[in-house]
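> all I have is the shape, not the residue letters:
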């Protein structure tokens, strides 16, 4: 029996839960489709969604379980909630930046303001936290200034800013 995750992100889509699940499962290499449930007569009547249409889609990305629901246009995504993708290399940053921003809106400082489904992502190299937390405030400040000028974060440019005198 699979252990139930204590906290599960629950994503509300108008009608694209299954499409979003399938897309994210192609982007993240370590992913699993866990299942789909459909609206029965009672759920369809209560929600206004078509009977037999996808109600929920459950999936796992990098070990984190998600549930997506098709609930109609009652709720919309907001950038107040985002998912951070921690990347070890520039190749990872480039990959996730391109895949998740396709059809969406690229933002500043590694943010994808929204992907093609409306979900907000942050594509962040893990070295960023180390560099901006450097005990030398001038070094950390230079890194922060460099990062604030970026859309997609470029690790080499962060390191160059850190090394300047």
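Alright, I've got the coordinates. Note that the structure is a prediction, hence the values are computed from the model and not measured.
> contacts for the helix or strand bottoming out on mean pLDDT in the chain, please.
Of all regular secondary-structure elements in the chain, judged by mean pLDDT, DSSP states H and E, the least confident is helix 41-47 with a mean of 93. By C-beta atoms under 8 Å, 6 or more residues apart in numbering, the list of residues contacting helix 41-47 from outside reads 39, 49-53, 55, 71-72. C-beta: built from backbone N, CA, C; applies to glycine.
> same thing but 7 Å
Residues from elsewhere that reach helix 41-47 (C-beta atoms under 7 Å, 6 or more residues apart in numbering): 39, 50-51, 55, 71-72.
> after that helix, next one along is what?
Following helix 41-47 in sequence order, the next helix or strand is strand 54-61 (DSSP states H and E).
> OK, contacts around residue 57?
17-18, 21, 36, 68.
> let's see 8 Å
Counting by C-beta under 8 Å, 6+ apart, residue 57 has contacts 17-18, 20-21, 33, 35-36, 67-69.
> in PyMOL, select just the buried ones from these.
Selecting only the buried entries of those in PyMOL, with 16 or more other C-beta atoms under 10 Å as the criterion:
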select buried, resi 17+18+20+21+67+68+69
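> now, which of the contacts of residue 57 lie within strands?
Mapping the contacts of residue 57 onto strands (DSSP state E) picks out 33, 35-36, 67-69.
> show the model's pLDDT score for residue 165.
pLDDT, residue 165: 74.
> if we can go back for a sec, among the contacts of helix 41-47, which pair sits farthest apart?
The two members of these with the most space between them (C-beta to C-beta) are 51 and 71, at 15.0 Å.
> returning to what we had before: looking at the ones in strands among the contacts of residue 57, which one is closest to residue 89?
Sorting the ones in strands among the contacts of residue 57 by how near they are to residue 89, with C-beta to C-beta, puts residue 33 at the top with 27.0 Å.
> I figured that closest one hits residue 59, correct?
Yes - counting by C-beta atoms under 8 Å, residue 59 is a contact partner of residue 33 at 5.3 Å.
> helices along this protein, start to end?
Under the criterion DSSP state H, the chain contains helices at 17-27, 41-47, 90-101, 127-132, 137-148, 155-163.
> ok, back up a step: overlap in contacts, residue 33 and residue 59.
In the contact map built from C-beta under 8 Å, 6+ apart, the residues linked to both residue 33 and residue 59 are 21, 25.
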